[in-house]
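Engineer: model this:
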Amino acid sequence: MSTTLSATAPAPPTTKPRAVVLAMCACVLVTQSLVAAINLAIPKLSASALHPSSAQLLWIVDAYVIVFAGLLIPAGALGDRYGRKGVLLSGLAVFTVGAAGCALAPSVPVLLAARAVCGLGAALVLPGTMALLLYAVPAERRGAAVASWSSAIAVGGVLGNAGGALVLQYLPWQGLFWMYVPLGAALLAFSAHSAPRVPRHAAALDLPGSGLLILGCVALLYGIIEGPELGWGSTATLGAFALSAVLLAVFVRHELRVAAPLLDPRLFRLPKVRAGALGVAAAFFGMFALFYVNAQFLQYVKGFSALRAGFAVLPLAFGMMLVTQRSMRWAARIGAAATVATGLVSIAGGLLLLSTANSGTPYPLYACYMLVLAFGAGMAMPSLSHAIVTSLPQHRAGVGSALNTAARELGTALGVAAVGTALSTGFASRLPAPLAGHADSTAATFAAATRLGVRAHTEAVTAFTHATADGYRVVAALLLVLTVAVAAGLRRGGTAQVGEPAL
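Structural biologist: Numbering: from 1, shown residues only. Predicted coordinates:
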């Protein structure tokens, strides 16, 4: 891809590499942080005048992620064709407008639409960050620059929780989105000043492929999210799963026939590409299951404030940063398959440990459970990303980077949908009769329980605790199954790769 070609060209003498690295990493951190920050606002959103149902809350979280994931690859091609700096700046402007739209949303449908606009902006921003960074930084410093870029992605989710906590402690949920308006505007100005202009390259846009991929994923999420309310055997739920299968099959057929595919399915003939993409999706499937549930658990069950709940996840960031720096050395010693398997099993183990937590669990012990998960993420992610990128020819490196990012965001969306569905189903089924009428809204349930007295509140806390455990265990079980497939694929891949797929 042209990302690699651009990286070989010398940057203009006026370019300041440190400023470019700072600007690009800040763009990554801000767009990634909004994926996680919304989770901290769920209790306030649930209790707000919008009155979203449990299913609508899942859509509010996933609307950003699914548009972000589905448009990443075509957005990269757009940057190739029209200029990466211009597309990145346009993306920051769209992201900022979308954040303002979220803050001003008078209803759930408007909020969903504005979240999707934010996702479009983020998709336009992210592909250009790596290309501009590689173009501006001298060859001998690119390794460190790429590591900084990767760290910004890993830490963005955790810092989104912490930054959102500061805002939500004192402001309503709209304050979270207002926070991103000046951030987006400042990044727009900083990037306009510091980012270099990269030579353009011919690139085809596969808009039908993008549409099929997004619609297929939306249909799949609809089945997962709406299944508990509509019934798993209902016509609407089964129809959603069937429609998803048809749309994704048509997507594959279209990609095999089009001259310039969005994502060539033949790339998955390469075992390491297949295993790496599945592993990245699996890791974020587990990680964002935690992010979705954690803030609610700490506030509803442990009685934490929004501020304390947001900062309670900081051990995750420190743990991931420490392990990530060393994991590639371990992979060189014991092999990528063993390193990744250890990492994914550790993520599942962390979720299983968290499933044992209750209102009486001391926070230091709870933090240790999160550190197990952080260790796993730090172990798995570098080797998985490395497997994808190094399995492809050099001129296809941009495809590898885009596939890595798309797999991450799709894993995030599915993780949120899976754990959220298990949580809402388990919570509703365990509520006592006086609270059962409020089961569609967790905030309304706890508000009613508070009015009814200590016993009702205790029953609500117990129901939510057991439902949280159900959600974590479901995700952990799925993650362990995926780990077997990922490890097997990495072992089969070895170090010798098959030839490049015919494109």
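Engineer: Now Leu247: closest residue in space that isn't a chain neighbour?
Structural biologist: Gly216 (3.6 Å; Cβ to Cβ, 6 or more residues apart in numbering). (Each C-beta comes from the backbone N, C-alpha and C, glycine too.)
Engineer: show me the residues around that neighbour that make contact.
Structural biologist: Taking Cβ atoms under 8 Å, 6 or more residues apart in numbering, we find Gly216 in contact with 243-244, 247-248, 251.
Engineer: Quick check: of the residues you listed, which has the highest neighbour count?
Structural biologist: Phe251 (24 neighbours; other Cβ atoms under 10 Å).
Engineer: So for the longest helix belonging to the chain, mean pLDDT?
Structural biologist: Looking across the chain with DSSP state H, the single longest helix is helix 454-493. The predicted model assigns helix 454-493 a mean pLDDT of 91.
Engineer: Buried residues in it, which are they?
Structural biologist: Within helix 454-493, the residues that count as buried by 16 or more other Cβ atoms under 10 Å are 456-457, 459-476, 478-480, 482-483, 486-487, 489-491, 493.
Engineer: coming back round to it: could you check the pLDDT of the residue nearest to Leu247?
Structural biologist: For Gly216, the pLDDT comes out at 89.
Engineer: what packs against the longest helix of the chain?
Structural biologist: helix 271-300, helix 336-354, helix 363-390, helix 397-430, helix 433-436, helix 442-452 (3 or more Cβ pairs under 8 Å, 6 or more residues apart in numbering; DSSP states H and E).
Engineer: Give me the angle between that helix and helix 363-390.
Structural biologist: Helix 454-493 and helix 363-390 are oriented at 30 degrees to each other (axes from the mean of the first three to the mean of the last three Cα atoms, to 10 degrees).
Engineer: gap between helix 454-493 and the chain center?
Structural biologist: Mean-position distance between helix 454-493 and its chain equals 17 Å (Cα atoms, centre = their mean, to the nearest Å).
Engineer: hmm, back to that, within the helices and strands, which one has the residue nearest to Leu247?
Structural biologist: According to DSSP states H and E, Gly216 maps onto helix 207-230.
Engineer: is it true that Val97 touches Val117?
Structural biologist: Yes - between Val97 and Val117 a contact is recorded at 6.7 Å, counting by Cβ atoms under 8 Å.
Engineer: Counting neighbours, go ahead and name the busier of those two.
Structural biologist: It is Val117, of Val97 and Val117, that has more neighbours when counted by other Cβ under 10 Å, with 21 against 17.
Engineer: The more buried one: what's it in contact with?
Structural biologist: 94, 97-98, 101.
Engineer: quick one: buried residues of stretch 363-379?
Structural biologist: Neighbour counts using 16+ other Cβ under 10 Å place 366-367, 369-379 of stretch 363-379 among the buried residues.
Engineer: I would like the residues contacting it, please.
Structural biologist: The contact list for stretch 363-379, computed with Cβ under 8 Å, 6+ apart, reads 154, 283, 286-287, 290, 302, 312-313, 315-324, 327, 330, 339-340, 342-351, 353-354, 357.
Engineer: 6 Å instead, please
Structural biologist: 283, 287, 315-316, 319-320, 323-324, 327, 339, 342-343, 346-347, 349-350, 353-354, 357 (Cβ atoms under 6 Å, 6 or more residues apart in numbering).
Engineer: How about stretch 433-446?
Structural biologist: 43, 46-47, 53-54, 300, 428, 431, 448-449, 452, 460.
Engineer: Which members of those residues are the farthest-apart pair?
Structural biologist: Ser53 and Leu452 (21.6 Å; Cβ to Cβ).
Engineer: I'd like the distance between Met179 and Leu40.
Structural biologist: Counting by Cβ to Cβ, to the nearest Å, the gap from Met179 to Leu40 is 12 Å.
Engineer: the more surrounded of the two?
Structural biologist: Leu40 (31 against 21).
Engineer: What pLDDT is listed against that one?
Structural biologist: For Leu40, pLDDT reads 84.
Engineer: pretty sure it is touching Phe311, no?
Structural biologist: No - using Cβ atoms under 6 Å, Leu40 is not in contact with Phe311, being 10.5 Å away.
Engineer: So for those two, which residues contact both of them?
Structural biologist: Ala165.
Engineer: Report the contact partners of Ala219.
Structural biologist: Contacts of Ala219 (Cβ under 6 Å, 6+ apart): 240, 243-244.
Engineer: The same query, at a cut-off of 10 Å, please.
Structural biologist: Ala219 sits next to 239-248 when contact means Cβ atoms under 10 Å, 6 or more residues apart in numbering.
Engineer: Next: Ala487.
Structural biologist: 275, 279, 335-342, 344-345 are the contacts of Ala487 under Cβ under 10 Å, 6+ apart.
Engineer: Let's see that with 6 Å instead.
Structural biologist: Per Cβ under 6 Å, 6+ apart, neighbours of Ala487: 337, 341.
Engineer: Thanks a lot, catch you later.
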